[in-house]
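Q: Got a sequence here, can you build the structure:
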Amino acid sequence: MSLNLFIIGPSGCGKSTQAKLIAEKYHLSHLSMGQLLRDKIGSDSPLGKKLKFYVDQGIWVPDDLIFEILLLELNKLHNENFIVDGFPRVLNQGKFIEHYLTELQKPLSLIIHLDVTFEEIMTRRARLGQKFQDAARTDNTPEAVAKRQASYNDTINPIKEYFSSSGKLFDVDGNRPVDPIFQDICQKINEMR
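A: Coordinates of the predicted model:
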């Protein structure tokens, strides 16, 4: 049975770190929605220019553009054995991908939610400082971060409620070090298999 995972959480919560570890352990393809968007923006294509406008403003990219980019990548993987970090951002996206994968008989296995406080995220950013500043990101200003956090807070509860009711959501305390978070996620994945 294929393992089709998604990992979500506020900006700076450690989604990519956990996704990489999970992908390595379970031999999955790792897709970072943020990196896919940045790659498209870097390509300077008409689509890239559209995306840049939204990302620079700290606004969610419209669903149709997100779906276009994500489905292209999932199709390359035969829509199985993957972990996508940073998706879904809103309930409509979650319902869409759940329906899409179910239609292909490769259902969504689990959405992992890293529950991290805004204070913890700001502490981590301060700790890292400029050391790992990603020059490709134009959306790392304090204003853009705060805007993304506010937008995230508005959208996460409907996702959690919807996927909790079907047992497809795993809420994990992301305010801890990397290893215990990873161990909790692995335990949950192993229980499902």
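
Q: center of the protein - which residue?
A: Centroid-nearest residue in the chain: residue 86, 1.4 Å away (criterion: Cα atoms, centre = their mean).

Q: any residues touching stretch 9-16, and which ones?
A: Outside stretch 9-16, the residues that touch it by Cβ atoms under 8 Å, 6 or more residues apart in numbering are 7-8, 32, 34-35, 85-86, 113-116, 118, 121, 124-125, 145, 148-149, 152-153, 174, 178, 181. Where C-beta positions appear, they are placed from N, C-alpha and C, glycine not excepted.

Q: which of those are buried?
A: Buried by 16 or more other Cβ atoms under 10 Å: 7-8, 32, 34, 85-86, 113-114, 116, 118, 121, 145, 148-149, 152, 174, 181, out of the contacts of stretch 9-16.

Q: could you pull out the helices for the chain?
A: 15-26, 33-42, 46-57, 63-76, 91-103, 118-128, 142-165, 178-192 (DSSP state H).

Q: And those: which comes nearest residue 1?
A: helix 178-192 (9.2 Å; Cβ to Cβ).

Q: quick one, the closest one and helix 15-26 angle?
A: Per axes from the mean of the first three to the mean of the last three Cα atoms, to 10 degrees, the angle that helix 178-192 makes with helix 15-26 is 50 degrees.

Q: Only C-alpha atoms, please: export helix 178-192 in PDB.
A: C-alpha atoms of helix 178-192 as PDB (Å, rounded to 0.1, in the frame of the first residue of the first chain):
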ATOM      1  CA  VAL A 178      13.500  17.600  16.100                       C
ATOM      2  CA  ASP A 179      14.100  14.000  17.300                       C
ATOM      3  CA  PRO A 180      11.100  13.500  19.700                       C
ATOM      4  CA  ILE A 181       8.800  15.100  17.100                       C
ATOM      5  CA  PHE A 182      10.200  12.700  14.400                       C
ATOM      6  CA  GLN A 183       9.800   9.700  16.800                       C
ATOM      7  CA  ASP A 184       6.100  10.600  17.400                       C
ATOM      8  CA  ILE A 185       5.400  10.900  13.700                       C
ATOM      9  CA  CYS A 186       7.200   7.600  12.900                       C
ATOM     10  CA  GLN A 187       5.200   5.800  15.700                       C
ATOM     11  CA  LYS A 188       1.900   7.100  14.100                       C
ATOM     12  CA  ILE A 189       3.000   6.000  10.600                       C
ATOM     13  CA  ASN A 190       4.000   2.600  11.800                       C
ATOM     14  CA  GLU A 191       0.600   2.200  13.500                       C
ATOM     15  CA  MET A 192      -1.100   2.800  10.200                       C
END
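
Q: i'd like the first residue to be 47 from this point on
A: OK, 47 is where the count begins now, so the last one is helix 224-238.

Q: same question for that helix, mean pLDDT?
A: In this model, helix 224-238 has a mean pLDDT of 97.

Q: Can you tell me what sits against it?
A: 49, 51, 60, 63-64, 67-68, 71-72, 155-156, 158, 160, 216, 218-220.

Q: Going through those residues, which ones are buried?
A: 49, 51, 60, 64, 67-68, 155-156, 158, 160, 216, 218, 220.
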